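> Test case, fold it:
(chains A and B)
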Amino acid sequence: MKNKQRTLLKNLPIYLVLSFVSILVIFPFFWMVTTALKEQTKIFMFPPQWWPDPFVWSNFSAVFESQPEFPLYFFNSAYIAVLVTAGTCIFAALAGYAFAKLHFALRHIVFLILLTGMMIPTEVTAIPMFIWFTKLHLTDTHFPLIVPPMLGAGGMFGVFLLRQFFITVPNELDEAAKIDGCSPWTTFWRIMLPLSGPTLATLAIFTFLHSWDNYFDPLIFISSNHLFTLPVGLKLFTDTAGTEWQLLMAASVMATVPLLIVFFFAQKKFIEGVALTGLK
Amino acid sequence: MSTLDVKHAQAEEIRVKARFGKSKKSRLHHKENWFAWLFISPMVLGYMLFLFVPIMGAFFMSFTDYSLLHDSSFVGLDNYKIAFSEDPLFWKSVGQTLYFSAGLIPLNLCLALGLALLLNRKIPGIGLFRTAIFTPVVTSIVVWAIAWKYIFATDYGLINELLKLLHIEGPAWLYNFQLAMPVVIIVSVLKNVGLNMVIFLAALQDVPKMYYEAAKIDGASKYKMFTNVTMPMISPSLFLAMILTLIGSLKVFSQIQVMTDGGPGTSTYVLVYYIYQQAFKIFDFGYASAIAFILFFLVLVLTIVQWNLRKRWVHHEE
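Here you go, the predicted model:
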């Protein structure tokens, strides 16, 4: 017992520093959540009201009254993120597997060419894409938010990540499957894909976060309210004359929670993935 | 191909021959080739449609005065000439972008390394701190920027309220020409420090314990151990994190748009914000493309540097 106290005491400065930084980064959440639950008149009290009194749960429902399309923004963000994530994972895994395990003409050169795609910032390609999609009447649809992120720079990053992983899988597995008469597709789907769990989880988290966070693309491609995604929708709350902070914060809480849930469930795999794939 | 691989290939050939005869084998290879191209086709198509063609488009557009508002014509290097010699706002945006990077990178790396060193030990509750510091990484940047905008608000913002308790009149943080950028930098550091922290943590856990034991036997001080063992061992990760953070910081946009909207005045204009203004507000696509291409060039150079030094940071993974 004494020993335990001594280690705690010895580590006290470390705990103090860590607590300080943790509070600093957690504080905006705390402030966001408590503000979301405050009465409007008590948001800007002096001295600040640290704990809401009373708890105004109705702020959450008021979000939907003040912005009737908020659930729609939420739905848009969610379905776009899910599609982009699923598509990126599948297509990147397929290509990564082909580059790592299948022998075909030009495979090294094609891989190198695809890799150059990782260097192209989406901010640079945005202008021609905007003009192009305008001509094809695809602006103000969700197409530019789903397909280019899936098969563009993010997809190339996925191919790279998955290829790195599949190279580490022993060739014997592949050959055994081949001799048993599995087609490359069956080998991929039944054997290789299930093995790549942690790497796929890493890619999935990165892709989901990226899509959920994407602010630049919806800002330029979308102009109709009902097609907005959450980040753009949230900005609407601040633009309306005199921000209603309690509603904005309630909406922000609702925009943050799904991500924290996704991360909470995937974090173990994610950290394994970071350690495995040499992202370090 | 290693000798082991060659042996496996030979063994496979014999097995395949035994089973199907020779013609079957070449047919199998043919089939594999066909599957491989099928597997990579979505990404190859995506590369062409969403990366190669647009980047070429941006390149050509940067030599025109393309606009949605009037017919376009070829203007040669004019856009680049204007950017480099006639447009003070372009240089200002470059300067602000570099200011942002120069402020963000050392702060981010030092804080991330310090935290990783503190978190790289087995003491009770450490997982809780690791999670807490990583949480902002998983938070939407827009939500994060909004929350901090509120904390830094001039009237009734939390920080100014706290300063009031000390009888200090707080400044108008985000409306002050000198303070807006530093505030955005600090908010950005706190948002992303967790990602670099995880990278460093992974690197630290990879350093073989025996090096420390050997150093201990030699009577090395903690400081010596850090400079002579830890730093060299994790330097590849440090370098990687530095380049990644630098590339990311050149593309900063969301937090600027949400927190300051480029202001006050033009004091937080950064390159991507300027591209956004020129292209999607003024519709001067030609000029915006030229600026975008300068940004691309910067990122490209940095990526090539990173790629060439890649061997340095992957070698001890094996």
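
> Now do stretch A:194-204: distance to the chain's middle.
A distance of 15 Å separates the centroid of the chain from that of stretch A:194-204, by C-alpha atoms, centre = their mean, to the nearest Å.

> Let me fix that, I meant to ask about stretch A:225-240.
The answer for stretch A:225-240 is 19 Å, by C-alpha atoms, centre = their mean.

> For stretch B:62-78, buried residues please.
B:62-67, B:75, B:78 (16 or more other C-beta atoms under 10 Å in any protein chain shown). No exception for glycine: its C-beta is placed from N, CA and C like everyone else's.

> cool, stretch A:58-69 as well?
By 16+ other C-beta under 10 Å, the buried positions in stretch A:58-69 come out as A:59-60, A:62-63, A:66-67, A:69.

> now the chain, which segments are flagged as low pLDDT?
Looking at chain A here, since you left the chain open. Scanning chain A for pLDDT under 70 picks out the ranges A:1-2, A:4, A:45-48, A:239-242, A:267-280.

> oops, I was thinking of chain B
Scanning chain B for pLDDT under 70 picks out B:1-29, B:310-318.

> So which residue is dead centre in it?
B:G248 (2.9 Å; C-alpha atoms, centre = their mean).

> hang on, the earlier thing: out of the buried residues of stretch B:62-78, who's nearest chain A?
B:Y66 (7.6 Å; C-beta to the nearest C-beta).

> Could you find the residue in the stretch 101-250 of chain B that comes nearest to chain A?
At 3.5 Å from chain A, B:Y156 is the closest residue in the stretch 101-250 of chain B, using C-beta to the nearest C-beta.

> Please work out how many residues are found near residue 163.
I went with chain A, as the question did not name one. 21 (other C-beta atoms under 10 Å in any protein chain shown).

> oops, I was thinking of chain B
14.

> Now do the contacts for it.
B:169-170 (C-beta atoms under 8 Å, 6 or more residues apart in numbering or on different chains).

> which element is it on?
Using DSSP states H and E, B:L163 falls within helix B:158-165.

> Just the ones in helices from the buried residues of stretch B:62-78, please.
Those of those mapping onto helices are B:D78, per DSSP state H.

> Go back to the buried residues of stretch B:62-78 and keep what's next to chain A.
B:Y66 (C-beta under 8 Å from any C-beta of the partner chain).

> Adding distance to B:A288, write the buried residues of stretch B:62-78 out as a markdown table.
Shown next, in a markdown table, are the buried residues of stretch B:62-78 (distance: C-beta to C-beta, whole Å):
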| residue | distance to B:A288 |
| --- | --- |
| B:S62 | 9 |
| B:F63 | 13 |
| B:T64 | 11 |
| B:D65 | 11 |
| B:Y66 | 9 |
| B:S67 | 10 |
| B:V75 | 14 |
| B:D78 | 14 |
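
> and of the buried residues of stretch B:62-78, the nearest to A:T243?
B:S67 (34.4 Å; C-beta to C-beta).

> Phi, psi for the nearest residue to the closest one once chain neighbours are set aside please.
Ranked by C-beta to C-beta, 6 or more residues apart in numbering or on different chains and with sequence neighbours excluded, the top spatial neighbour of B:S67 is B:F283, at 5.1 Å. Main-chain torsions, B:F283, degrees, to the nearest 10: phi 60, psi 30.

> Around B:L201, how many other residues sit close by?
25.

> May I ask you to confirm that it is in contact with B:L119?
Yes. Counting by C-beta atoms under 8 Å, B:L201 touches B:L119, with 6.1 Å between them.

> By proximity to chain B, which residue of chain A wins?
The minimum distance from chain A to chain B, using C-beta to the nearest C-beta, falls at A:L151 (2.3 Å).

> what about the closest residue to that residue other than its chain neighbours, distance to B:L166?
With C-beta to C-beta, 6+ apart as the criterion, A:L151 has its nearest non-adjacent residue at 2.3 Å, and that residue is B:G46. Distance, B:G46 to B:L166, by C-beta to C-beta, to the nearest Å: 56 Å.

> Between the two, tell me which one has more neighbours.
Neighbours per residue, other C-beta under 10 Å: of B:G46 and B:L166, the larger number sits with B:G46, 27 against 7.

> Now do the contacts for that one.
A:91, A:147-148, A:150-152, A:155.

> Quick check: the farthest pair among the residues you listed?
Greatest spatial distance among the contacts of B:G46 (C-beta to C-beta): A:F91 and A:P148, at 12.8 Å.

> What's the first helix or strand after the helix holding B:L163?
helix B:180-206.

> what's that next one packed up against?
With contacts defined as 3 or more C-beta pairs under 8 Å, 6 or more residues apart in numbering or on different chains; DSSP states H and E, the packing partners of helix B:180-206 are helix A:12-36, helix A:245-276, helix B:88-119, helix B:126-134, helix B:141-151, helix B:231-250, helix B:254-259.

> that older thread, now the common contact residues for B:L201 and B:L119.
Contacts common to B:L201 and B:L119, judged by C-beta under 8 Å, 6+ apart, are B:R130.
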